[in-house]
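Visitor: Next come a sequence and a model predicted from it.
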Amino acid sequence: MNNYLKKIVVAVLAASLMIVPAIPANAMTKKQVNSQITKLQTQIKKDKSSYNSALKKDQDLRNTYTWINGTLYSTDEPYIVKVYNKETQTDIYYHFVSLENLDITQQNSGSAHYVTGYAKVSNKTFDFYGTKAIEAVAKEDPHSAQDKQTAIRKNQSRIKSFKNSKKEYITLDPSYTIITGQSLTITPVFKYNTSDINKITWKSSNAKVVKVSKNGNLLGIAPGTATVSAKLSVTGKTYKTTVNVIAQ
């Protein structure tokens, strides 16, 4: 093969391969993945066992406090919030000493502020421009049971990700051709890719012919043929490809 053809081959190969991203520092082995799955499963059991008690606690709080969803009349004291009651089809006015635990949003930079959250309503009333306003105390929504459910779903999703990582495999091109002094990066194709736990260990069968870096970067040393292997730590499996090095 003349030099002109060699350059064409190298150019085509270089254009078809992309640089692989750096291998993350927190890459895991299969043993570590199994350990993480066990820990997550244990935590899910704990969260499930406490969910019912948390649900009861939430329900008790909801029986004590009223959900407020209305319009704030003033951002300064007195804090008056108007809430429309669907059952009675009337407006109810609440007076708050503090709004620190309620969610206040402003719509489209307009003057209207909307208030949502839980409140404890007392029997005390007072006149608000001729309208009876009920005194209320803001209460932050606990969401203890909801938080447990969120944690359970999150950990279940993490377990699925870890289990998929144990199915991980990669594919490599059957062979690569480079010229002496030329570098080229192998780009493996991942299946069930979970980038936080992938790790590849690269190795050349003959470093006198071709060297390979920790990122899969090939460097042609001398004419010849060598086998480059890629070991995926999360599964322990090794994948191989043939590298042909030709003279310049």
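Guide: Structure received. Numbering: from 1, shown residues only.
Visitor: What helices and strands are in contact with the helix or strand hosting residue 134?
Guide: Residue 134 is located in strand 131-139, with elements delineated by DSSP states H and E. Packing contacts for strand 131-139, counted by 3 or more C-beta pairs under 8 Å, 6 or more residues apart in numbering; DSSP states H and E, involve strand 90-96, strand 113-128. For the C-beta atoms, the positions are set from N, CA and C on the backbone; glycine is no exception.
Visitor: Adjacent strands (with direction) for that strand?
Guide: strand 90-96 (parallel), strand 113-128 (antiparallel) (DSSP bridges).
Visitor: that older thread, out of the helices and strands packed on strand 131-139, which is closest to residue 64?
Guide: The closest of the helices and strands packed on strand 131-139 to residue 64 is strand 113-128. By C-beta to C-beta, the value is 6.5 Å.
Visitor: what does that closest one rub up against?
Guide: For strand 113-128, contacts defined as C-beta atoms under 8 Å, 6 or more residues apart in numbering pick out 61-62, 64-72, 75, 78, 80-81, 93-96, 99, 101-107, 132-141.
Visitor: Give me the buried entries from those.
Guide: Buried subset of the contacts of strand 113-128 (neighbour count, 16 or more other C-beta atoms under 10 Å): 61, 65-66, 68, 70, 72, 80-81, 93-96, 99, 102, 133-136, 138-139, 141.
Visitor: As JSON lines, the strands paired with strand 131-139 with distance to residue 219 and mean pLDDT would be great.
Guide: Formatted as JSON lines, those follow (distance: least, C-beta to C-beta, whole Å; pLDDT from 0 to 100):
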{"stretch": "strand 90-96", "distance to residue 219": "71", "mean pLDDT": "85"}
{"stretch": "strand 113-128", "distance to residue 219": "62", "mean pLDDT": "82"}
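Visitor: Where does pLDDT dip in the chain?
Guide: Scanning the chain with the threshold set as pLDDT under 70 gives 1-26, 107-111, 141-143, 193-197.
Visitor: Got the domain ranges for the chain?
Guide: Residue ranges for the domains of the chain, per automatic domain parsing: 3-27+166-246, 47-144.
Visitor: Need the distance between the two termini of the shortest one.
Guide: Spelled out, that is domain 47-144. Distance between the two ends of domain 47-144: 11 Å, counting by C-alpha to C-alpha, to the nearest Å.
Visitor: Please identify the most buried of the helices and strands packed on strand 131-139.
Guide: Across the helices and strands packed on strand 131-139, averaging neighbours per residue (mean count of other C-beta atoms under 10 Å) puts strand 90-96 on top, at a mean of 18.
Visitor: With just CA atoms, put that one into CSV.
Guide: Presented in CSV, the C-alpha positions along strand 90-96 are these (Å, rounded to 0.1, in the frame of the first residue of the first chain):
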residue,chain,number,x,y,z
THR,A,90,-68.8,32.0,48.8
ASP,A,91,-65.5,33.7,49.5
ILE,A,92,-63.9,33.1,52.8
TYR,A,93,-61.3,35.6,54.2
TYR,A,94,-58.4,34.5,56.4
HIS,A,95,-56.2,36.7,58.5
PHE,A,96,-52.6,35.5,59.1
